[in-house]
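# Requesting a structural model of the entry that follows:
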Amino acid sequence: MLNTKFPRGVQTADVWDAADAVLMAGQRPTIERVRQKLGRGSPNTVAPMLEAWFAQLGQRLGSMSGGGAGNAAVPGAMTTPGQPQPPATVLDLAQSLWDAALGQAQLAAQQQWESAQAELAQQRSELTADRAELDRERQTLAQQHSTLEQMLALSRTQVADLTRRLADADVWRLEKEQSVAVLTNRLEDLRQQHKQLQQRLDDTVSAQAQERQRLQDRATENEHRLLNEVDLARQETKAARQTLATRQKQWEEAARQADEQLKTTQSRLQTAETQTAASQAQLAHLQRRSSELETSLQDNRQTIQTLQHQLAAALSALKTQPPPSKRSIYMGRVRKS
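Numbers count the residues shown, from 1 in each chain. Next comes the predicted model:
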């Protein structure tokens, strides 16, 4: 037995003795059972010592070579030099425990092997699927790589085109900036010209306003003068119309008197004709007188017609000709007087 010392005062021999006692009690030695048997020791301290006990258990049971053929040979010897021989019941129990542990180990190993084979088959299937998926992804990546190469070539072409266009844009911008500077100077000149023209326009508008006011005042003065002249002409026309009306009445009165005279003469003629006792001389005289009266009546009628024509012509002339001025009326009145 090893005499290796572990910390906390728990010795390997103590753990092994406790494990033997648990095994002799028909129980499988565990860390908790050994600790309960010892009454001290932490799991971290007891665990490596108990594993060493299990590792030496086969060697300690090796002396039991007389086991049945169905019992697996325990490697090693049951005892070590200087170690007392355990009781036969302990050895039988240890052998049974070893056989059970070995069977469980073989079963566990078989199950682990089968599980490993199934897991391996699953992994192979998954690996095959992954490999197929990887092949598809590789093809997809190859296509994407080809597409990206084409896009990259197109992008490079576009970048070159954009670079050229950018250079052209810079040249265009410089030209436009120069044009803007020229236009700005031109605009400033135009503003100065506009300011001067605006001043001239204001002066012209002011002069035109003054001239308009002067013309308006003159037009108002002329309008008043013309209104006075028109009023005077109306008065003169009214006076001329009254004069013509008076003359018309005089001419009508003369015509009426001539008609009455004619009627009187005719009445006298009729009276003379009824007077059969008048003398022929008086009749001849009366006839001559009647002829003279008729001639005079005819002359009077012609005179009346001439006066009527003259009156119509005078009225027409008054309508078409401008009214006579006060001076002409005055001179006419002077001539009449």
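# now the helix or strand that contains D203, how far from the chain's geometric center?
Per DSSP states H and E, D203 falls inside helix 88-274. Helix 88-274 sits 11 Å away from the centroid of its parent chain (C-alpha atoms, centre = their mean, to the nearest Å).
# Counting by contacts, list what whatever helix or strand comes next after that helix packs against.
The helix or strand immediately downstream of helix 88-274 is helix 280-320, counting by DSSP H and E. With contacts taken as 3 or more C-beta pairs under 8 Å, 6 or more residues apart in numbering; DSSP states H and E, helix 280-320 sits against helix 88-274. C-beta here means a position set from N, CA and C on the backbone, and glycine is covered the same way.
# so the helix it packs on versus helix 280-320, what angle?
Relative orientation of helix 88-274 versus helix 280-320 (axes from the mean of the first three to the mean of the last three C-alpha atoms, to 10 degrees): 160 degrees.
# Which elements pack onto the helix holding D203?
helix 12-24, helix 43-60, helix 280-320, helix 326-336.
# low pLDDT regions in this structure?
Across the chain, the ranges flagged by pLDDT under 70 are 1-8, 62-91, 94-95, 98, 100-109, 112, 272, 276, 278-279, 321-337.
# Which of the helices and strands packed on helix 88-274 sits closest to E32?
When these are ranked by distance to E32, counting by C-beta to C-beta, first place goes to helix 43-60 at 7.8 Å.
# For the closest one, buried residues please.
By 16 or more other C-beta atoms under 10 Å, the buried positions in helix 43-60 come out as 45-46, 49-50, 52-53, 56-58, 60.
# show me the contacts for T204.
With contact set as C-beta atoms under 8 Å, 6 or more residues apart in numbering, T204 has no partners.
# okay, now Q27: neighbour count?
13 (other C-beta atoms under 10 Å).
# about what we covered before: of all the helices and strands packed on helix 88-274, which lies closest to E211?
Once those are compared by C-beta to C-beta, helix 326-336 is nearest, at 34.5 Å.
# circling back: and which of the buried residues of helix 43-60 is nearest Q117?
G58 (28.4 Å).
# distance of that closest one from T274?
From G58 over to T274 the distance is 212 Å, taken as C-beta to C-beta, to the nearest Å.
# repeat for Q305
33 Å.
# Over to V230?
Counting by C-beta to C-beta, the gap from V230 to T274 is 64 Å.
# out of the helices and strands packed on helix 88-274, deepest packed?
helix 12-24 (a mean of 19; mean count of other C-beta atoms under 10 Å).
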